[in-house]
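Student: need coordinates for the following:
(chains A and B)
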Amino acid sequence: MSTDSKEKVKIIIDGKEVLAPKGENLLKVLLENKAAVPHYCYHPGLSIAGACRMCFVEVEGQPRPLISCNATVSEGMAVKTTTEKVKEIQKWNLAFHLINHPLDCPICDQAGECGLQNYYMKHGKYNSDMQENKVLKRKVISIGDHIMLDTERCILCSRCVRFFDEVPKTSEMAIFNRGDRSEIGTFQDKALNNNYTLNSVDICPVGALTSKDFRFKKRVWFLKDVDSVCPGCSTGCNVTVSFDPIEKRTYRMRPRLNEEVNSYWMCDYGRLRYKQTEPENRILAPLKKVKGNLLPIDWKNAHTEWKEILKESSELAVLVTPQYTSEELEAVYHFFTQTVKTQAIFHTIEAQKLSDAVIDELLLRQDKNPNSQGLLSIAKKYNLENQDLFYFEQQLKTKSWKTLVVFAPQDPQSIPNFLSWLEKGQNISKKILIGTHISHATPFFDLILPTLTFVEKNGTFVNFKNMEQKINAATRSVEEAKPIAEVLCL
Amino acid sequence: MTHVSMKILFEHLEVPQIHTLSTYREKGGYQALEKVLKQMKPEEVISVVSDSGLRGRGGAGFPAGKKWSFVPKDPLKTKYLLCNGDESEPGTFKDRILMEQIPHLVLEGILIAAYAVDCHKAYIYVRGEYTESIATLEKAIEECHAHHLLGEAILGTKFNLDIYVFRGAGAYICGEETGLISSLEGIKGWPKLKPPFPALAGFNRQPTVVNNVETLASVPWIIQNGAAAYKKNGTEKSPGTKLFCLSGPVKNPGTYELPLGFPLKDLIYEVGGGLINNAKLKAVIPGGASAHVLTAEEALKVNLDYESLAAAGSMLGSGGVMVISESQCMVDLLSVIAHFFKHESCGQCTPCREGTGWLEKIILSILHKRGREEDIDLILNITRNMQGGRTVCALADAAAWPVESFVKKFRSEFEHHIKHKRCHLNVH
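Tutor: Below you'll find the model as predicted:
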């Protein structure tokens, strides 16, 4: 529900008067107003659990402190978040969280972004009174393709349980047993079986749920974040791309809040798309076919080749995929229609996939391209929007193109049969591929020019709802890959 | 026995076959129900019960009439009445007597309460171990259905009610009213966050009243005899009678119905016949394991009513009076209580989940010769930070109170264990 429609009332937070929507969750309002109220179990995208007991505040007129996550805003309420009483409660509740925690930060992937570590610095008791043996629980349990569980690190905030109950509605996780023997888990350790499992790692405030993809790869303090958009499908989930600026490598992608698009979540399929940007999966240099083999050449030679091809070729066709930014696509359409003067620009958009349908009833769409709407609107500008693959196939039978320039998908999984489909154009004598993915570097092509993936460039993707969303460059993982403008020698 | 008091709940306890409908009716059973259904409006029932001053007998002592009055009057809403028969407070064994021996008294109470709050579906949540209670209740319900006392058009009126018996699985936490509701809903018996309170959104998110067995069983008598007659028993603020479960090394342990305000000393020495072998009294836990322990001196002065026990720093609780003699080690005893609460903490919220386990470990350390001097203050610090609204429900408070009071009032025994690595009684 949008909070804008709610009546705003005055409340006082630590002596400062602010306006807040009447009836809104008090903790949410406190956090929005920069009151650093500690919390573990509260998550704005999930129901209220009231389990961690960290978010106590004092409200004037109330006989004793109350948890702000289960309180609502009312007119004139005066909230105090840093009284001695509140601090004492936070200190002890944090101590309760820690007494049975294994404190294995040196080998824990959450270190650096851990709720326990962070609050400990601010609210910790420092000298632990705990001299007894800790409760031992099960560790290193695989609960799905992407998730590892350590029940000893778990603070039982129940965020993951509520997530699977409320978002994918698969209810696979639960808390078993009672008291200090309580353990998070799946029934009989069955694998999580949905496309949203990695969100549980994001929302886990500690290192209990870790991503198999990310664990032991990188300490988080080496990573920088940029805001971007997932290229996995036409939903266009807002994401944060985390990369190591020194190593120039992307390490993970996590959802970023956008109520209009993806809320707090994204799917596992989309989240792992960043792997296609890793150098192991990339075309690392321009390649030229010599005697049936692809050999790396430098860009100077590549450009000479490219210019030769453009000069020679009077009959040239272009095939574009909706995997490029609107800016790149505009450049492509402009260059080939105005400079090369060909109208034979075809696109791979399949109209029936543009329907609203999501495959898994949450976020992942049938159209696994990030910019179909962007491509269509640009093609329309050049009156070429009807030139799709079907049309291309028809034309192949009559036209005698000598050159085919292909802007390959950056993610082979978005159009899995792309290469086999291209076999239809094998009679065209010169075939040039502009792309990023190693699986597309086959001797079917005469010249291969590497370009940038979504983590390496700025630009715009237009999602299925026609929302223009910006992607931002994180790092250049492949030195030799060039922006489209440079590839085309604009 | 010097104190001869009126029997309200146990009036017909000794009558043979009182568990059957026919005998119960011969003794005047279901007349209160008939009076209510045929002559009284629901508001009138609530007001008689309110006037009687009847307070919840499960432990918290909340006025029953007030609880009923919180239920919304909206006729379109489904309302539920849940009878709490999960009796699991250590030292308490009173509800089972009512359920096993006078089941119709409980059912009549439920029927009257259901009429008062416009409820047509009631559940009796019975502790899983109480198989006998479940069997007798089910038999009694069957009899009622056969005689138009349950089901549709009860006693020829427009009032309908079905009562179902639900067998719990023996978890202490399911005696907490919202834990009970969760369990009844088929989910893990975790207490719910309040607000919302059950009167507005309880079982299945509908208005719900949860009353203890003994509370409901008191209702028929109050209806039949009036609020004023009920108030003649007990004290001004704690009217009526209450069942007290006397246990420990006394000559006559058992469940006794006594007027509220009855001196604890007389319960132990007169009703209970004193301690076995005339042992010296050391302490008394007056209201179930979660109540603050009283020293012998405190115990001999206090009366058994809500206010007197609160003034003495403890509580009437469930009425489970546990007597402790001089020959018992308080550290040992506390370790048993601490183990119970650690075992029964549901684990939902942190201070209770971690605190109960931590307390047990420290107490066991002291008992097993590993205690440290600083442990005593640590125990008191932990208990202080578990209670006073720090948790979802009151189990953490219930776990903290005995520990806190044992350590504060019998500190020297704990210190002896720590210093000399053995018990002052030489029993360990």
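Student: just the pLDDT for the nearest residue to A:Gln413 once chain neighbours are set aside.
Tutor: With CB to CB, 6 or more residues apart in numbering or on different chains as the measure, A:Lys368 is the residue that lies nearest to A:Gln413, at 7.0 Å, once sequence neighbours are left out. (Each C-beta comes from the backbone N, C-alpha and C, glycine too.) Looking at A:Lys368, its pLDDT stands at 93.
Student: for the stretch 201-350 of chain A, what spans make up the helices?
Tutor: Listed in chain order, the helices of the stretch 201-350 of chain A (DSSP state H, counting those that start in this stretch) span A:268-271, A:299-312, A:326-334.
Student: enumerate the residues of chain B near chain A.
Tutor: Counting by CB under 8 Å from any CB of the partner chain, the residues of chain B close to chain A are B:171, B:188, B:193, B:195, B:342-351, B:353-358, B:361-362, B:365, B:372, B:374, B:378, B:381, B:385, B:388-392.
Student: list the buried ones in stretch A:424-441?
Tutor: A:425, A:428, A:430-438, A:440-441 (16 or more other CB atoms under 10 Å in any protein chain shown).
Student: next, the distance between the ends of it.
Tutor: With CA to CA, to the nearest Å applied, stretch A:424-441 spans 17 Å between its terminal residues.
Student: could you list the low-pLDDT ranges of the chain?
Tutor: Let's take chain A. Scanning chain A for pLDDT under 70 picks out A:1-5, A:313, A:356.
Student: chain B is the one I meant
Tutor: Flagging of chain B using pLDDT under 70 yields the residue ranges B:1-5, B:427-428.
Student: and it, what are its domains?
Tutor: B:21-231, B:241-325, B:330-420 (automatic domain parsing).
Student: among these, which is nearest A:Val18?
Tutor: Proximity to A:Val18 (CB to CB) singles out domain B:21-231 among these, at 23.5 Å.
Student: report the distance from the closest one to the chain centre.
Tutor: 14 Å (CA atoms, centre = their mean, to the nearest Å).
Student: adding secondary structure, write the buried residues of stretch A:424-441 out as JSON lines.
Tutor: Below are those laid out as JSON lines (DSSP: H, G, I helix; E, B strand; the rest coil):
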{"residue": "A:Gly425", "secondary structure": "helix"}
{"residue": "A:Ile428", "secondary structure": "coil"}
{"residue": "A:Lys430", "secondary structure": "strand"}
{"residue": "A:Lys431", "secondary structure": "strand"}
{"residue": "A:Ile432", "secondary structure": "strand"}
{"residue": "A:Leu433", "secondary structure": "strand"}
{"residue": "A:Ile434", "secondary structure": "strand"}
{"residue": "A:Gly435", "secondary structure": "strand"}
{"residue": "A:Thr436", "secondary structure": "coil"}
{"residue": "A:His437", "secondary structure": "strand"}
{"residue": "A:Ile438", "secondary structure": "helix"}
{"residue": "A:His440", "secondary structure": "helix"}
{"residue": "A:Ala441", "secondary structure": "coil"}
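Student: could you work out the most separated pair of the residues you listed?
Tutor: Looking across these, with CB to CB as the criterion, the two at the greatest separation are A:Ile428 and A:Ile438, at 22.9 Å.
Student: A:Lys87: what's it in contact with?
Tutor: A:His123 (CB atoms under 8 Å, 6 or more residues apart in numbering or on different chains).
Student: let me have the helices of the stretch 201-350 of chain A in JSON lines, extended by distance to A:Asp165 and mean neighbour count.
Tutor: Putting the helices of the stretch 201-350 of chain A into JSON lines (distance: least, CB to CB, whole Å; neighbours: other CB atoms under 10 Å in any protein chain shown) gives the following:
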{"stretch": "helix A:268-271", "distance to A:Asp165": "18", "mean neighbour count": "24"}
{"stretch": "helix A:299-312", "distance to A:Asp165": "54", "mean neighbour count": "15"}
{"stretch": "helix A:326-334", "distance to A:Asp165": "39", "mean neighbour count": "21"}
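Student: who wins for proximity to chain B among these?
Tutor: Distances from chain B to each of the helices of the stretch 201-350 of chain A were compared by CB to the nearest CB, and the smallest falls on helix A:268-271, at 27.8 Å.
Student: give me the contacts around the closest one.
Tutor: Outside helix A:268-271, the residues that touch it by CB under 8 Å, 6+ apart are A:145-146, A:195-198, A:230-233, A:235, A:237, A:239, A:252-255, A:363-364.
Student: before we move on, back to that, was I right about the residue nearest to A:Gln413 contacting A:Pro416?
Tutor: No - with contact defined as CB atoms under 8 Å, A:Lys368 does not count as touching A:Pro416 (9.1 Å).
Student: look at those two and report which has more neighbours.
Tutor: Between A:Lys368 and A:Pro416, counted using other CB atoms under 10 Å in any protein chain shown, A:Lys368 has the larger neighbour count: 25 against 12.
Student: what residues of the one helix or strand B:Val165 maps to count as buried?
Tutor: Of the helices and strands defined by DSSP states H and E, B:Val165 is found in strand B:162-167. Buried residues in strand B:162-167, counting neighbours by 16+ other CB under 10 Å, are found at B:163, B:165-167.
Student: the helix or strand just after it vs strand B:162-167, what angle?
Tutor: Where DSSP H and E defines the elements, the next helix or strand beyond strand B:162-167 is helix B:177-184. If you take axes from the mean of the first three to the mean of the last three CA atoms, to 10 degrees, helix B:177-184 sits at 90 degrees to strand B:162-167.
Student: and the closest residue to A:Pro245 other than its chain neighbours, what does it touch?
Tutor: Distances taken as CB to CB, 6+ apart place A:Lys224 nearest to A:Pro245, at 5.3 Å, with adjacent residues excluded. If you count contacts by CB under 8 Å, 6+ apart, A:Lys224 has them with A:242-245, A:474.
Student: show me what A:Lys224 is bridged to.
Tutor: For A:Lys224, the residues forming beta bridges with it (DSSP bridges) are A:Phe243.
Student: show me what from the stretch 1-150 of chain A comes close to chain B.
Tutor: If contact is defined as CB under 8 Å from any CB, the residues of the stretch 1-150 of chain A in contact with chain B are A:48-53, A:56, A:64-66, A:70, A:88-89, A:92-93, A:96-97, A:99-100, A:129-133, A:135.
Student: number of residues surrounding residue 27?
Tutor: Let's take chain A. Counted with other CB under 10 Å, the neighbours of A:Leu27 add up to 23.
Student: oops, wrong one, chain B.
Tutor: Taking other CB under 10 Å as the criterion, the count of residues near B:Lys27 is 15.
Student: returning to what we had before: in strands, which of the contacts of helix A:268-271 fall?
Tutor: By the criterion of DSSP state E, membership of the contacts of helix A:268-271 in strands covers A:239, A:252-255.
Student: how much space separates the residue nearest to A:Pro245 from A:Phe243?
Tutor: Applying CB to CB, to the nearest Å, one obtains 6 Å for the distance of A:Lys224 from A:Phe243.
Student: contacts for the strand holding B:Val165, please.
Tutor: B:107, B:110-111, B:120-126, B:128, B:134, B:137-138, B:141, B:144, B:150-151, B:184.
Student: in ChimeraX, how would I select just the buried ones from these?
Tutor: Typed into ChimeraX, the line below selects the buried ones among these, using 16+ other CB under 10 Å:
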select /B:107,110,111,121,122,123,124,125,126,134,137,138,141,144,150,184
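Student: who are the contact partners of B:His416?
Tutor: Applying CB under 8 Å, 6+ apart to B:His416 gives the contacts B:422-424.
Student: buried sites along the strand or helix carrying it?
Tutor: With the criterion set as DSSP H and E, the secondary-structure element containing B:His416 is helix B:411-420. Residues of helix B:411-420 classed as buried by neighbour count (16+ other CB under 10 Å): B:413-418.
Student: chain A: which of those residues is nearest?
Tutor: Proximity of the buried residues of helix B:411-420 to chain A, judged by CB to the nearest CB, is greatest for B:Ile418, which lies at 13.0 Å.
Student: was I right about the closest one contacting B:Glu374?
Tutor: No - proximity of B:Ile418 to B:Glu374 does not meet the contact threshold set by CB under 8 Å, at 9.5 Å.
Student: mind checking the SS state of the nearest residue to B:Glu177 once chain neighbours are set aside?
Tutor: Sequence neighbours aside, B:Val210 is the residue nearest to B:Glu177 in space, at 4.0 Å (criterion: CB to CB, 6+ apart). Following three-state DSSP, B:Val210 is assigned to strand.
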